[in-house]
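*Asks:* Pasting a predicted model and its sequence here:
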Amino acid sequence: MTVPVELLQEGYELNTKRISDTFTKLNTTERHFRPYGNVNSFLWELGHLTLTRNTLIKLLNPAEKLTVRPDEGKLFGFGSQPQAPDAYPSPDEVLAAFQARGARLVELLGSVDPARWEAPSPYPFPNMPPTVVGQVFGLLLHERMHLGEMNVLRNIVVKNREALFGQAV
């Protein structure tokens, strides 16, 4: 199989840029805002994708030594429960980790051994192909899904700043 590596790299780079740009335009209160009190916050979305990027790095290079924040899986993993804002790491730390892991991911994509693409993945993601290449593409789509959720959160916050936070729009 010929893998369009450049397309994958561009996709992950675009996600990093769009998510980072949106995140930096929100203040700390807005980053923690959860509509209805139980919808995931922008910070949770970013932390979740940061955690997922470590999975991608391991998919591409199983020997990679990962940088993992304490309680990262508990705070941002699938099925994690919303916490009070002070339970989370600083938004700037999460953003920096997201960007660093994104840069490493793009670097690894350019050096994957062709045989690795068709290797079985050690991660049994539901509704995803069982190969490394299938999951790398699937997780790119996963990031785009969360980017869409972030865009909805951003629109709610930006269009309702005064009503939600007492700030002028």
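*Replies:* Nice, thanks for sending it over.

*Asks:* In this structure Met150 contacts Asn15, no?
*Replies:* No. Taking contacts as Cβ atoms under 8 Å, Met150 lies outside contact range of Asn15: 10.3 Å. Placement of C-beta: from N, CA and C, glycine included.

*Asks:* which of the residues in whichever helix in the chain runs longest are buried?
*Replies:* Counting residues, the longest helix found in the chain (DSSP state H) is helix 132-159. By neighbour count with 16 or more other Cβ atoms under 10 Å, helix 132-159 contains the buried residues 132-137, 139-140, 142-143, 146-147, 150, 153-154, 157.

*Asks:* What is that helix packed up against?
*Replies:* helix 5-24, helix 42-60, helix 114-117 (3 or more Cβ pairs under 8 Å, 6 or more residues apart in numbering; DSSP states H and E).

*Asks:* what does stretch 83-91 contact?
*Replies:* Applying Cβ atoms under 8 Å, 6 or more residues apart in numbering, the contact partners of stretch 83-91 are Phe23, Thr28, Arg31, His32, Leu43, Trp44, Leu46, Gly47, Arg69, Leu75, Val94.

*Asks:* Need the distance between the two termini of it.
*Replies:* 14 Å (Cα to Cα, to the nearest Å).

*Asks:* Pick out the residue nearest the middle of this protein.
*Replies:* Nearest to the mean C-alpha position of the chain, counting by Cα atoms, centre = their mean, stands Leu49 at 1.6 Å.

*Asks:* one step back: and the longest helix of the chain with helix 5-24, angle?
*Replies:* With axes from the mean of the first three to the mean of the last three Cα atoms, to 10 degrees as the basis, helix 132-159 and helix 5-24 are set at 20 degrees to each other.

*Asks:* Buried residues, the following helix or strand past helix 132-159. List them.
*Replies:* Next in sequence after helix 132-159, counting helices and strands by DSSP states H and E, comes helix 161-165. Under the neighbour-count criterion of 16+ other Cβ under 10 Å, helix 161-165 has Arg161 buried.

*Asks:* Give me the distance from helix 161-165 to the chain's centre.
*Replies:* Helix 161-165 sits 27 Å away from the centroid of its parent chain (Cα atoms, centre = their mean, to the nearest Å).
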